[in-house]
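A.B. asks: okay, sequence plus prediction incoming.
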Amino acid sequence: MTEPQQKLSELLQFVYPDTPLLERINRRIEDARSHLERTAQPWSNEDVVLITYGDSMNSDGQPPLQVLDTFVKRYLDKSFSAVHLLPFFPFSSDDGFSIIDYYQVNYRLGKWDDVRSIASHKELMVDLVMNHVSRQSLLFIDFINGEGTGADFFIEADPDLDYSKVTRPRTSPLINDVYTRQGVKHVWATFSSDQIDVNFKNPKVFLAYLDILLFYIAHGARYVRLDAVAFVWKELGTACIHLPKTHALVKIIRSVMEQIDPNLILITETNVPHEENISYFGHGDEAHLVYQFALPPLLLHALNRGHAHYLNDWARHLEKLPAGCSYFNFVASHDGIGVRPVEGIIPEHEMDDLLKSVRDFGGFVSMKTNGDGSKSPYELNISLYEVLQGTRSGPDMFQLARYLCCQLVMLAMPGIPGVYIHSLTATPNDLLLVEQTGRTRSINRHHWDLAEFEAQLENPSSDQAQVFPRLIQLIELRRKQSAFHPQAGFKVLSINEEALFAMERTSIDGAQRIVALHNMTRHPQAVAEQAYRYPAARIWDLISQEWVDIRSLTLAPYQVMWLLIKHPASEVIPYEETAE
């Protein structure tokens, strides 16, 4: 037995000690290998992911997936390597995350041929929603009828037991009553009454989800995103989050994917405090990528307050990652901006200022229920472009500069960047959609008409014309720099840390070094002369495409510079390491 097989066998024995699964899984691996049409390449600085719903771009009379494909081909050919196509399956709620059928494409969006068309020219990320299914799923109907595949797929609960230790990401009831052919039963629903949790203690459930995973890979998925994976294993009397068998299941999935193709990428979505989040790297044997959930609220806080102390301190202490692991960096996504990841990092009174700005700028603050019944902030629901229209002092004239600064920090951080389509298009708050759906997350899930968007691009005074071409240009520039490889060297620099966020990225081969300087304030900021010494006074800024005089360098409000430091002739020498 090979080493990967031995490890897989041990993990299966730990999770399912009474059920021999290795042979059945090996047959699935061999079958998946034989049907894999193309092999992915190792990740690099060229990897940039577009995050989008299938109907984020629309045109009358044409399936939305085809319209999205047209948009990507027309505008994003050189700027993005991959598309994260958010759940495109039949669903009953939560904009796709309450799945009715994992194997079908929602007919309102298009067909599998449309998905394969996108995958033919861009790498594809697909969600594996493991924790729950729609109440309308045939699997849950089997449970109601007491027969069929899904009859024993769900968690029956006793409402008289104590569930107070269970971690709640929502304010909805955890235990839901269901009328079945056998009478009233009580089922576990972590996220909503329409999203019924499946029971991974049943090995048939695991095999069913493994088959779904392999189906997605066969249909072109390079990235597989495990949605809400932290909650999949339940043990009453515990918090029912991050349990050892949850981590073991992630390890099993990674092992299977690596045996099919070592360049497939597993990514975990765990919107929790930073230390809990990065636990899904394991010892380099769980997720390849972990969402960098602390980055968005830290960035918004720094730009809203006009100081970068907490951002600098957090980034300086980022852990050295295991080989083959990196971060998935983002600032906004289809969900709100979670605030739990900065618990214990940003003082509560400073976060309150950010929450007030979100409300003042037309957004919402969603709450979660704590074990003692109290409620606390869970996420910010607002368009990224709107939340950066000003600071805690109110709106100002620096919205565009502040917005680009925010995105450029994300693009320079170690990892693979993901850009949400509504960040790319500077989409405003969609309050009408919130009113129509009754969900605050809809504020950032606008449905563009492609012709309307293109008309905005033709209007030079529109936000879209100001943001979209410039951001595309910067992403294309970023993809060309080897110093921005996901595993390139990273160091936070001690330069005017209250106002600036400065980092040094060095390519794996040492041939390229970039010093990225970000002014996080609305005031000009001088780069402290004593912080760095440069053998060469004039350094090339990749962003402005100009030479800058390092002896008298001042950043304009929210300005960003990517200073190209050629090695070794004009190497940057940290001041503290230079002999006097």
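C.D. replies: Structure's in. What do you need?
A.B. asks: contacting residues for the most centrally placed residue in the chain?
C.D. replies: Geometric centre of the chain, nearest residue: Y291, 4.7 Å, by Cα atoms, centre = their mean. Going by Cβ atoms under 8 Å, 6 or more residues apart in numbering, Y291 touches I267, T268, E269, T270, N271, N277, Y327, F328, F330. For glycine as for every other residue, the C-beta is placed from the backbone atoms N, C-alpha and C.
A.B. asks: give the bridge partners for the second one, please.
C.D. replies: Spelled out, it's T268. Beta-bridge partners of T268, counted by DSSP bridges, are L226, V290.
A.B. asks: list the contacts for it?
C.D. replies: Applying Cβ under 8 Å, 6+ apart, the residues near T268 are R225, L226, V229, A230, V250, Y280, E286, A287, L289, V290, Y291.
A.B. asks: which of these sit farthest apart?
C.D. replies: Comparing every pair within the contacts of T268 by Cβ to Cβ identifies A230 and L289 as the most remote, at 15.2 Å.
A.B. asks: could I get the full set of helices for the stretch 401-550 of the chain?
C.D. replies: Ranges of helices in the stretch 401-550 of the chain, per DSSP state H, counting those that start in this stretch, are 421-424, 431-437, 450-458, 463-479.
A.B. asks: now for the ones you listed, which one comes closest to E37?
C.D. replies: helix 463-479 (25.1 Å).
A.B. asks: now that closest one against helix 450-458, angle please.
C.D. replies: 80 degrees (axes from the mean of the first three to the mean of the last three Cα atoms, to 10 degrees).
A.B. asks: still on that earlier bit, and of the helices of the stretch 401-550 of the chain, who's closest to D69?
C.D. replies: Among these, if distance is taken as Cβ to Cβ, the winner is helix 450-458, at 11.1 Å.
A.B. asks: L564 touches W540, doesn't it?
C.D. replies: Yes. Applying Cβ atoms under 8 Å, one finds L564 in contact with W540, separated by 4.7 Å.
A.B. asks: list residues touching both of the two?
C.D. replies: With Cβ under 8 Å, 6+ apart, L564 and W540 have no common neighbours.
A.B. asks: what mean pLDDT does stretch 36-50 get?
C.D. replies: Average pLDDT, stretch 36-50: 88.
A.B. asks: buried sites along that stretch?
C.D. replies: Neighbour-count burial for stretch 36-50 flags L36, A40, W43, S44, N45, E46, D47, V48, V49, L50 (criterion: 16 or more other Cβ atoms under 10 Å).
A.B. asks: for stretch 177-185, same thing?
C.D. replies: For stretch 177-185, the neighbour count (16+ other Cβ under 10 Å) marks V178, K185 as buried.
A.B. asks: could you shift the numbering so residue one becomes 12, and keep it that way?
C.D. replies: Noted, 12 is the first residue going forward, which turns the last one into stretch 188-196.
A.B. asks: got the CA positions of that stretch in CSV?
C.D. replies: The C-alpha trace of stretch 188-196 is given here as CSV (Å, rounded to 0.1, in the frame of the first residue of the first chain):
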residue,chain,number,x,y,z
ASP,A,188,-40.3,20.5,13.4
VAL,A,189,-41.1,18.4,10.3
TYR,A,190,-44.3,16.5,9.5
THR,A,191,-43.4,13.0,8.1
ARG,A,192,-45.3,9.9,7.3
GLN,A,193,-44.1,8.6,10.7
GLY,A,194,-45.4,11.7,12.6
VAL,A,195,-43.6,14.8,13.7
LYS,A,196,-39.8,14.7,13.7
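A.B. asks: can you give the contact residues for that stretch?
C.D. replies: Here stretch 188-196 has contacts from F154, I155, N156, G157, E167, H197, V198, using Cβ under 8 Å, 6+ apart.
A.B. asks: pick the one among these closest to L310.
C.D. replies: For those, the nearest to L310 is V198 (38.8 Å; Cβ to Cβ).
A.B. asks: host element of the closest one?
C.D. replies: Of the helices and strands defined by DSSP states H and E, V198 is found in strand 194-199.
A.B. asks: OK, contacts around S183?
C.D. replies: A200, F202, S203, S204.
A.B. asks: again, but for L275
C.D. replies: A51, I228, R233, Y234, V235, M268, E269.
A.B. asks: ok, and the most crowded of the residues you listed?
C.D. replies: Among these, Y234 has the most neighbours (other Cβ atoms under 10 Å), with 26 neighbours.
A.B. asks: so it touches L96, yeah?
C.D. replies: No. Counting by Cβ under 8 Å, Y234 does not reach L96; the two are 10.2 Å apart.
A.B. asks: residues shared between the contacts of those two?
C.D. replies: With Cβ under 8 Å, 6+ apart as the test, Y234 and L96 both reach L135, M136, V137.
A.B. asks: now, which of those residues sits nearest I36?
C.D. replies: For the shared contacts of Y234 and L96, the nearest to I36 is V137 (20.0 Å; Cβ to Cβ).
A.B. asks: quick one, helices of the stretch 112-261 of the chain?
C.D. replies: Using DSSP H, counting those that start in this stretch, helices in the stretch 112-261 of the chain cover 123-130, 149-156, 214-229, 255-271.
A.B. asks: out of those, which is the most enclosed?
C.D. replies: helix 255-271 (a mean of 21; mean count of other Cβ atoms under 10 Å).
A.B. asks: show residues contacting that helix.
C.D. replies: Contacts for helix 255-271 (Cβ under 8 Å, 6+ apart): 15, 18-19, 22-23, 25-26, 36, 39-40, 43-44, 47, 211, 217, 221, 224-225, 228, 235, 237, 240-244, 275, 277, 279, 290-291, 293, 296-299.
A.B. asks: and if we set it to 7 Å?
C.D. replies: Contacts to helix 255-271, defined as Cβ atoms under 7 Å, 6 or more residues apart in numbering, come from residues 15, 18-19, 22-23, 25-26, 36, 40, 43-44, 47, 211, 221, 224, 228, 235, 237, 240-241, 243-244, 275, 277, 279, 291, 293, 296-298.
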